[in-house]
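Asks: Show me how the following folds:
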Amino acid sequence: MSIDRIVLAVAGAMVLAGLALSQLHSPYWLWLPAFVGANLFQAAFTGFCPLAKILKALGARPGVAFD
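Replies: Coordinates of the predicted model:
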């Protein structure tokens, strides 16, 4: 699995987890998907993604979007 797909899978899982937790526990969990969305938005323009940097250091196969 490439870095791009891992980043997208983790982001999607975090959004869904934040939404579920906001319904089960507290609406403050909505800050999690808001943070993930903001990070994805800035990564689209800057190309910088903290998770992609970590995955690259761990030896994951590079993809097209994150070098």
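Asks: how close does the residue positioned nearest the centre of the chain get to F41?
Replies: Centroid-nearest residue in the chain: A11, 3.1 Å away (criterion: CA atoms, centre = their mean). Note on A11: its distance to F41, by CB to CB, to the nearest Å, is 11 Å. Quick note: C-beta positions are derived from backbone N, CA and C, even for glycine.
Asks: Would you confirm that V36 contacts A11?
Replies: Yes - at 5.3 Å, V36 counts as touching A11 under the criterion of CB atoms under 8 Å.
Asks: For the residue nearest to the centre of the chain, which residues are in contact?
Replies: Counting by CB atoms under 8 Å, 6 or more residues apart in numbering, A11 makes contact with V36, N39, L40.
Asks: can you check S2 too?
Replies: Per CB under 8 Å, 6+ apart, neighbours of S2: A60, R61, P62, G63, V64.
Asks: how long is stretch 22-34 from one end to the other?
Replies: 12 Å (CA to CA, to the nearest Å).
Asks: burial of A52, as a residue count?
Replies: Under the neighbour criterion other CB atoms under 10 Å, A52 is assigned a count of 21.
Asks: so it, which of the three states?
Replies: Three-state assignment for A52 (DSSP: H, G, I helix; E, B strand; the rest coil): helix.
Asks: From W31, how far out is P62?
Replies: P62 sits at a distance of 31 Å from W31 (criterion: CB to CB).
Asks: Next: M14.
Replies: 11 Å.
Asks: Look at these two and report which has more neighbours.
Replies: Comparing M14 with W31 by other CB under 10 Å, the one with more neighbours is M14, at 17 against 12.
Asks: count of residues packed around A60?
Replies: For A60, using other CB under 10 Å, the count is 18.
Asks: what's near enough to touch the spatially closest residue to it that is not a sequence neighbour?
Replies: Spatial nearest neighbour of A60, excluding adjacent residues (CB to CB, 6 or more residues apart in numbering): I3 at 5.0 Å. By CB under 8 Å, 6+ apart, I3 lies in contact with A52, L55, K56, A60, R61, P62, G63, F66.
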